[in-house]
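Visitor: Provide a 3D model corresponding to the input given below.
(2 chains)
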There are 2 protein chains.
Amino acid sequence: MNTGFDKQSAAFKKFFNGTGNMKTIKVGMIGFGTIGTGVAKILTQNKDVITKRLGAAVELVKVADLDITTDRGIKLAPDVLTTSAAAVVDHPDINVLIELIGGYDPAKKFLLQAIERGKHVVTANKALLAKHGDEIFSAVAQKRVSLGFEASIGGAIPIVRSVREAFVANRIQSIEGIVNGTANYILSKMSDENCGFDVALKEAQQKGFAEADPTFDVEGIDSAHKIAVLTRIAYGTSVAFDDITVAGISSITSEDIACAREFGCRIKLLAISKYDGRAIDIRVHPTMIPVAHPMANVNGVLNAIHVRDDLMGENILIGHGAGALPTGSAVVGDVVEIARNILAGVGKRIPAASFQSEEIRAVPLKGIREIESEYFLRFNVLDKPGVLSTLSGILGSHSISIESMIQRRRAGSGEGVPLVMMCHKASEKNIQSALEKIEQLDAVCEKPNLIRVEK
Amino acid sequence: MNTGFDKQSAAFKKFFNGTGNMKTIKVGMIGFGTIGTGVAKILTQNKDVITKRLGAAVELVKVADLDITTDRGIKLAPDVLTTSAAAVVDHPDINVLIELIGGYDPAKKFLLQAIERGKHVVTANKALLAKHGDEIFSAVAQKRVSLGFEASIGGAIPIVRSVREAFVANRIQSIEGIVNGTANYILSKMSDENCGFDVALKEAQQKGFAEADPTFDVEGIDSAHKIAVLTRIAYGTSVAFDDITVAGISSITSEDIACAREFGCRIKLLAISKYDGRAIDIRVHPTMIPVAHPMANVNGVLNAIHVRDDLMGENILIGHGAGALPTGSAVVGDVVEIARNILAGVGKRIPAASFQSEEIRAVPLKGIREIESEYFLRFNVLDKPGVLSTLSGILGSHSISIESMIQRRRAGSGEGVPLVMMCHKASEKNIQSALEKIEQLDAVCEKPNLIRVEK
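Guide: Numbers count the residues shown, from 1 in each chain, chains lettered A, B, ... in the order given. Next up, the predicted model:
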């Protein structure tokens, strides 16, 4: 068994023959930003809880960051902080390396180096796992070390552990989630206060819920990273990240939100992954969900993840998806899991990718035009006789049937009036063809708008 | 390390030197009722999923039940079924024993025998763990075997795994849950269809959601079993089951539900456990929660569990709390967890009670009169001047302040009119004293009704 260090090494002897009674798991961390500070605080302030449950101590022996002078409100011993990542990666006593610098490089390099040196690794880096997952997961499998990434999705929500362990006998059919707190805060704000996207974004930035450049969050890229990682562990496959259909919330208007309300729905940025046994339908886009759905009331910075499978029906997990302490607690949870393995003398116990390496299969992704969904459509049309008949005729000829329709009052000074409708399940291909034709009509004043609906 | 069998035994040799390439974990089960049938179906029908993830097969080698003739829609090999529990408990090849007979005896005897023989055990028996937890958890700790009981609380909801592993660094402050699907179905029905308790119960029985004798479910006893077990693993203590305050839903009227609605609330049977670092407030009773709370929309047979702690704020898990396949999938998840330990050559890896044995402390329980809560009060009073003033005077003199009040129309043919109010946080002792005084008033026609409120 590979326990992360050579049994003849000095580190091993020190670990098992320490002078104190309490065994200590030595941990190194690269990246001392928000989450890193959370981890350091948890390991210090909640040391007693961790020790009482693990039966050993977890000690942060080296922390690397380019900035080691800023006061983060947490005191580390003077020899712990370093500006050298190599001092952590190459440290002979460290069994577990926590990577919290984020981004692709140099995070990837350090993570692979640590794995190569037989260290177990814990990361919150969804971007890296989504883009370079194949390389990282296979390195981990080959070196028989553990990879913890609970913190990379849904902060404190135990979704990775649930999919990888609790739902181990289950054929997962779909995972759908509100996995970006920034986007959810903005949509909740727009809905509660009837304000536009720009106003809500500005407030989110002022409150620290959105970054100065919010692109990754509001355009759905961060959500796509997370659903790519979940797809891997749910179905035993890898996902070509660039093939995921991604649409963000910057095009959502207060008008859309008001319409959703009239149809008894709320708009959420959903990350969706469905597997029918043949192909995977994976996408991120604003989605209408009925108010009675438990996820419809998950507002503000909360996240929620809905899992459906063949055995348990559905399971929904709701919690804080970001923040130093929630995300830090997920990191420490992973560290403790690995620490239990080390204490038991075990290397890798659970395959990082949830499936044994040799069972991982390529599964084709469905193009967005191959999916089926229910749809909300919003048109801006001239208020004259025959328009509705022409429009519904085109929909009908594309096998799209209208469930309900509302002709709304004229909004603003434009020449058209909004016409909104909810359609029964239809194929995206048909919807897109119909919308192209409808867009050509003289009576249609602007490009029709579509929001997919999940019930 | 104790892997559940002696390394020199025939079972060990057979396991590690089997002729096939695939290792097999041998499992025995006592109790072949609803959940047992679910487990057998999952191990058969989802064998491929389990094997692809575990890297080994899980085989049900012996199943004991008093009835081995009923067709359960699942075919087991003829030598698997037996009427002798001893044939399972004493079976030399079995590494993991699943106990699904329920109740105290003989379940306890078989479980302890299996533990004594070094077998790992998995159970869905919350009654047993709540009442005889000290004995079972200490036997498990002493023999260094694993005890899985995910299926005992919330069916498919991974709450035990989350508390024991994901939230391992967290100081848990409270757990509140809708943990009985029967009671939740009845309350949802009463709310949706404006019917009385008896009508809703009858329908629940007809649909198979309530047993012929529904006492355990509707009177809160089953919920109390579950919160007792959760309390143990959340705070590292044991709970004297009989000291838990338990009230069921059979006294809830359509009037209460209508009042709750008027105050923007729903009534749920909540199991509550709060720990302030000094004492534990543990109780089960009908509770009003605001409609905007994510648990308020958890209806029908769904369960929901809300965890609050010092790091992640709140986490809510929602899912099916009962049923052959949901509960069966939790059992199999536990079996696979143990199987991973056996494959890795490890015995006990995580303390069953979540805390190391030597860290478990006695913590006093708060009596119901020591708690503080917000309260909904319903009085039936004569509709004459001065009544409200007398009544609110008594409340005020007990430091109870009224948040809002509704004088409802006369219901039925009684002489009084309903007067309902929502009170700010107050001490239960004061509320009880005030109600005793109010009950004595001539203008009060019947015993006042109290429902606690959680926000």
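Visitor: hey, where'd the strands end up in the stretch 151-300 of chain A?
Guide: A:172-178, A:245-246, A:265-275, A:280-290 (DSSP state E, counting those that start in this stretch).
Visitor: swap in the stretch 1-150 of chain A?
Guide: For the stretch 1-150 of chain A, the strands defined by DSSP E, counting those that start in this stretch cover A:24-30, A:57-64, A:81-82, A:96-99, A:120-123, A:147-148.
Visitor: closest to A:N180 out of those?
Guide: strand A:120-123 (18.3 Å; Cβ to Cβ). (C-beta placed from N, C-alpha, C; glycine too.)
Visitor: what about the closest residue to A:Q113 other than its chain neighbours, how many residues nearby?
Guide: Nearest residue to A:Q113, sequence neighbours excluded (Cβ to Cβ, 6 or more residues apart in numbering or on different chains): A:V89, at 4.9 Å. A:V89 has 24 neighbours, counted by other Cβ atoms under 10 Å in any protein chain shown.
Visitor: OK, contacts around A:V89?
Guide: By Cβ atoms under 8 Å, 6 or more residues apart in numbering or on different chains, the contact set of A:V89 is A:G28, A:I30, A:L97, A:F110, A:Q113, A:A114, A:R117, A:K119.
Visitor: got phi/psi on the residue in the stretch 251-400 of chain A that chain B sits nearest to?
Guide: In the stretch 251-400 of chain A, the residue found nearest to chain B is A:M312; the distance is 3.3 Å by Cβ to the nearest Cβ. According to degrees, to the nearest 10, the main-chain angles of A:M312 amount to phi -100, psi 10.
Visitor: so who does it touch?
Guide: With Cβ under 8 Å, 6+ apart, A:M312 has these contacts: A:F167, A:N170, B:G155, B:A156, B:G319, B:H320, B:L325, B:P326, B:S329, B:A330.
Visitor: so chain A: which segments form each domain?
Guide: Per the record, chain A has its domains at A:10-156+A:324-359, A:166-319, A:371-453, by automatic domain parsing.
Visitor: could you dump those to a markdown table with mean pLDDT and distance to B:S401?
Guide: Compiled in a markdown table, these are given as follows (pLDDT from 0 to 100; distance: least, Cβ to Cβ, whole Å):
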| stretch | mean pLDDT | distance to B:S401 |
| --- | --- | --- |
| domain A:10-156+A:324-359 | 93 | 34 |
| domain A:166-319 | 96 | 29 |
| domain A:371-453 | 92 | 45 |
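Visitor: nearest to B:D79, out of the ones you listed?
Guide: That would be domain A:166-319 among the domains of chain A, by Cβ to Cβ, at 24.1 Å.
Visitor: A:F110 is in contact with A:L128, correct?
Guide: No - A:L128 is not in contact with A:F110 according to Cβ atoms under 8 Å; the separation is 10.4 Å.
Visitor: more neighbours: these two, which one.
Guide: Shown here are A:L128 and A:F110; by other Cβ under 10 Å, A:L128 has more neighbours (25 against 22).
Visitor: near chain B, which residues of the stretch 151-300 of chain A? Just list them.
Guide: Residues of the stretch 151-300 of chain A lying close to chain B (Cβ under 8 Å from any Cβ of the partner chain) are A:155-158, A:161-162, A:165-171, A:236, A:292, A:294, A:297-298.
Visitor: just the buried subset of those, please.
Guide: If you count burial by 16 or more other Cβ atoms under 10 Å in any protein chain shown, the buried members of those come out as A:155-158, A:161-162, A:165-171, A:236, A:294, A:297-298.
Visitor: from these, which land in helices?
Guide: Judged by DSSP state H, these include A:R161 as members of helices.
Visitor: report the outermost residue of chain A with respect to its centre.
Guide: Here the centre of chain A is the reference, and by Cα atoms, centre = their mean the most remote residue is A:P385, at 47.1 Å.
Visitor: tell me where the stretch 251-400 of chain A has helices.
Guide: Taking DSSP state H, counting those that start in this stretch, the helices of the stretch 251-400 of chain A run over residues A:254-262, A:324-344, A:387-397.
Visitor: reformat the ones you listed as TSV; add mean neighbour count and distance to B:E415.
Guide: Below are the helices of the stretch 251-400 of chain A laid out as TSV (neighbours: other Cβ atoms under 10 Å in any protein chain shown; distance: least, Cβ to Cβ, whole Å):
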stretch	mean neighbour count	distance to B:E415
helix A:254-262	19	45
helix A:324-344	26	55
helix A:387-397	16	59
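Visitor: so which of these comes closest to B:A139?
Guide: In terms of Cβ to Cβ, the element of those nearest to B:A139 is helix A:324-344, at 20.4 Å.
Visitor: and that closest one with strand A:57-64, angle?
Guide: 120 degrees (axes from the mean of the first three to the mean of the last three Cα atoms, to 10 degrees).
Visitor: before we move on, back to that, the contacts of A:V89: which two are farthest apart?
Guide: Farthest apart among these by Cβ to Cβ are A:I30 and A:R117. That separation is 13.4 Å.
Visitor: those two: who's more crowded?
Guide: A:I30 (27 against 17).
Visitor: re earlier: want to throw the strands of the stretch 151-300 of chain A into a markdown table with mean neighbour count?
Guide: Formatted as a markdown table, the strands of the stretch 151-300 of chain A follow (neighbours: other Cβ atoms under 10 Å in any protein chain shown):
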| stretch | mean neighbour count |
| --- | --- |
| strand A:172-178 | 24 |
| strand A:245-246 | 20 |
| strand A:265-275 | 24 |
| strand A:280-290 | 23 |
